[in-house]
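Student: Please find the sequence and the predicted model below.
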Amino acid sequence: MSYRKDRQFSLDGISYSDYAGADFSGLSKEDLVKLWRKTLDNGMHGICFSMYEDGQEPGDTITEEQVERRIKILKPHTEWIRSFSCIEGNEHIPRIAKKHGLKNMVGAWLGDDMEKNEEEIEALIQLGKEGCVDIAAVGNEVLYRNDLTLEQLLTYIKRVKEALPEVQVGYVDAYYEFSVHPELVEVSDVILSNCYPYWEGCHIDHSLNHMQQMFGQASHAAQGKRVIITETGWPSQGESLRGAHSSEENAMKYFINAQAWSAKDNVDIFYFSSFDESWKVGDEGVVGAYWGLWDKHEKLKF
């Protein structure tokens, strides 16, 4: 399996249900923090790389030094790094991660700007030819945003597959898109599924089971192909969404349950996200800035 060799399912004797997760009812916040830290130290399959400091946003060019500093912070806790773009400094992420012995899921960010798409695809292919790409993610939620047609997206995926025959290639989107578009399953080597109970207004007590159901739907659509959860997480502050409440306690509980399930059932998860990013407020509201395990100053939150 793809996890760290020393990674084990352990909750220090706390009772665990396959669907509800850990029983946190007897834990103080101090105890919860200790369990969260132990879970983090036990290691993750993968984590999503947060690129931007305060005052930075997509479109800014990021230096190698900034990327390396953040890779060094993440290295002790994960085997895989997921990046979202291949230009404007994002190309440094897989190169530096490889230098530090990490594996890479490398994303080409596709949208409705065809010139930018061309830059992204060419840069992804170049990184693949350098040996920096273990899994290529051709686009992220493109269909969800209605940025491209299915036919346009399939053309990009096939182009990358042809250029990088030794690399596993897929496309990232919400779990249900693979049920709606079987053509995506057919063309993909691996099914890359985003699963967010929070964004569906799910209460924290039911969130693990809801993520499992999302994963189950993607797995049913996958026709036997490997399914990876490419994003899941819980914000530590900000707005709430129906039954889903943003809080430090809920963020810790969700992380612990996600990692326990990942280790116990051998489900590959890329946790979202590594560092808080202030620029995301514009897209998602206040809650968008608080998805990291580390804060915007690169300090562990808890």
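Tutor: Perfect, I can see it now. Remember, predicted model here, so these are calculated numbers, not experimental data.

Student: Could you give the average pLDDT over stretch 112-126?
Tutor: Average pLDDT, stretch 112-126: 98.

Student: Also stretch 223-235?
Tutor: The average of the pLDDT scores along stretch 223-235 is 98.

Student: Please point out which parts of that stretch sit buried.
Tutor: With burial defined by 16 or more other C-beta atoms under 10 Å, the residues of stretch 223-235 counted as buried are 225, 227-235. Every C-beta, even on glycine, is put in place using the N, C-alpha and C of the backbone.

Student: quick one, longest helix in this protein?
Tutor: Criterion DSSP state H: the longest helix present in the chain is helix 248-265.

Student: Please enumerate residues in contact with it?
Tutor: Outside helix 248-265, the residues that touch it by C-beta atoms under 8 Å, 6 or more residues apart in numbering are 3, 7-9, 11, 16, 21-22, 24, 29, 32-33, 35-36, 39-40, 42, 44-45, 197-198, 204, 207-208, 211-212, 232-237, 267-269, 271, 290, 293, 301-302.

Student: Could you do stretch 15-35 as well?
Tutor: If you take C-beta under 8 Å, 6+ apart as the criterion, stretch 15-35 is touched by 11-12, 14, 205-206, 208-209, 212, 248-249, 252-253, 256-257, 260-261, 264, 302.

Student: Would you mark the buried spots in that stretch?
Tutor: Within stretch 15-35, the residues scored as buried using 16+ other C-beta under 10 Å are 16, 21-22, 24, 27, 32-33, 35.

Student: Next, count neighbours for the closest residue to Lys129 other than its chain neighbours.
Tutor: Once flanking residues are discounted, Lys129 sits nearest to Leu164: 7.3 Å by C-beta to C-beta, 6 or more residues apart in numbering. Residues lying near Leu164 (other C-beta atoms under 10 Å) number 17.

Student: Just confirm Leu164 contacts Ile121, I think it does.
Tutor: No: if you go by C-beta atoms under 8 Å, Leu164 and Ile121 don't touch, sitting 10.9 Å apart.

Student: Overlap in contacts, the two.
Tutor: With C-beta under 8 Å, 6+ apart, Leu164 and Ile121 have no common neighbours.

Student: show me what contacts the residue most central in space within the chain?
Tutor: Central residue of the chain (C-alpha atoms, centre = their mean): Glu231, 3.2 Å from the mean position. Applying C-beta under 8 Å, 6+ apart, we find Glu231 in contact with 48, 172, 194-196, 270, 272.

Student: hang on, the earlier thing: just flag the most distant two among the buried residues of stretch 15-35.
Tutor: Farthest-apart pair in those is Tyr16 and Val33; separation 18.7 Å (C-beta to C-beta).

Student: Helices of the protein, start to end?
Tutor: For the chain, applying DSSP H gives helices covering 29-42, 64-74, 92-99, 114-129, 142-145, 150-163, 177-180, 182-187, 207-221, 248-265, 281-284.

Student: can you tell which of the ones you listed is closest to Leu241?
Tutor: helix 281-284 (10.4 Å).

Student: Tell me how far that closest one lies from the chain's centre.
Tutor: Distance of helix 281-284 from the chain centroid (C-alpha atoms, centre = their mean, to the nearest Å) equals 18 Å.

Student: avg pLDDT for it?
Tutor: 85.

Student: what's the burial count for the closest residue to Lys72 other than its chain neighbours?
Tutor: Taking C-beta to C-beta, 6+ apart, and ignoring the residues beside it in sequence, Lys72 has His100 as its nearest neighbour in space, at 7.2 Å. His100 has 12 neighbouring residues, counting by other C-beta under 10 Å.

Student: cool, Glu166 as well?
Tutor: Neighbour count for Glu166, taken as other C-beta under 10 Å: 8.

Student: Next one: it from Ser50, what distance?
Tutor: Using C-beta to C-beta, to the nearest Å, we find Glu166 at a distance of 29 Å from Ser50.

Student: what do you get for Lys280?
Tutor: Taken as C-beta to C-beta, the span from Lys280 to Ser50 is 9 Å.

Student: do Val169 as well
Tutor: As for Val169, its distance to Ser50 is 24 Å (criterion: C-beta to C-beta).

Student: between the two, which one's more packed in?
Tutor: Each of Val169 and Ser50 has its neighbours counted (other C-beta under 10 Å); Val169 has more, 25 against 22.

Student: confidence score at that one?
Tutor: Taking Val169 on its own, its pLDDT is 98.

Student: Now do Met114 against Val138, distance only.
Tutor: Counting by C-beta to C-beta, the gap from Met114 to Val138 is 15 Å.

Student: follow-up on the earlier one: just the buried ones from the contacts of helix 248-265?
Tutor: Applying 16+ other C-beta under 10 Å to the contacts of helix 248-265, the neighbour count classes 3, 7, 11, 16, 21-22, 24, 32-33, 35-36, 39-40, 42, 44-45, 197-198, 204, 207-208, 211-212, 232-236, 267-269, 271, 290, 293, 301-302 as buried.
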